[in-house]
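# coordinates only, no sequence provided:
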């Protein structure tokens with residue numbers, strides 16, 4: 001019975017349907033804007049916390065150096 005359902009689901013998913021839609025040319029620019037905004041947001045976040053990040057890394061490496069000596 002499980003094989004029958006699996007076959008039925010796979011046949012349903014393999015069928016093709018026409019969408020009756022198109023991709024608007026403006027959608028490409030919207031995706032590009034989203035990618036650029038994400039990149040710039042990450043860059044702004046990193047620049048705000050760069051000093052804190054550097055101090056944490058320095059503390060970690062200073063502890064490692066003290067343990068090795």
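Nice, thanks for sending it over. None of the values given here were measured: they were computed from a predicted structure.
# for the rest of this, base every contact and every neighbour count on C-alpha atoms.
OK.
# quick one: average confidence on whichever strand or helix holds residue 37?
In this assignment (DSSP states H and E), residue 37 forms part of helix 25-48. For helix 25-48, the mean pLDDT works out to 91.
# tell me which residue lies nearest the centroid of the protein.
The residue lying closest to the centre of the chain (CA atoms, centre = their mean) is residue 38, at 9.7 Å.
# how much space separates that one from residue 53?
20 Å (CA to CA, to the nearest Å).
# please apply the same query to residue 47.
Using CA to CA, residue 47 is found at 10 Å from residue 53.
# host element of residue 55?
Going by DSSP H and E, residue 55 is in helix 50-68.
# what's that helix in contact with?
With contact meaning CA atoms under 8 Å, 6 or more residues apart in numbering, helix 50-68 is reached by no other residue.
# distance from the chain centre to that helix, please.
29 Å (CA atoms, centre = their mean, to the nearest Å).
# same thing with stretch 22-36?
Per CA atoms, centre = their mean, the centroid offset for stretch 22-36 relative to its chain is 17 Å.
# in that stretch, what's buried?
For stretch 22-36, the buried set under the neighbour-count rule, 16 or more other CA atoms under 10 Å, is empty.
# now stretch 53-61: average pLDDT?
Averaged across stretch 53-61, the pLDDT comes to 87.
# buried ones in it?
Under 16+ other CA under 10 Å, stretch 53-61 has no buried positions.
# follow-up on the earlier one: the helix holding residue 55 vs helix 25-48, what angle?
Orientation check (axes from the mean of the first three to the mean of the last three CA atoms, to 10 degrees): helix 50-68 against helix 25-48 gives 50 degrees.
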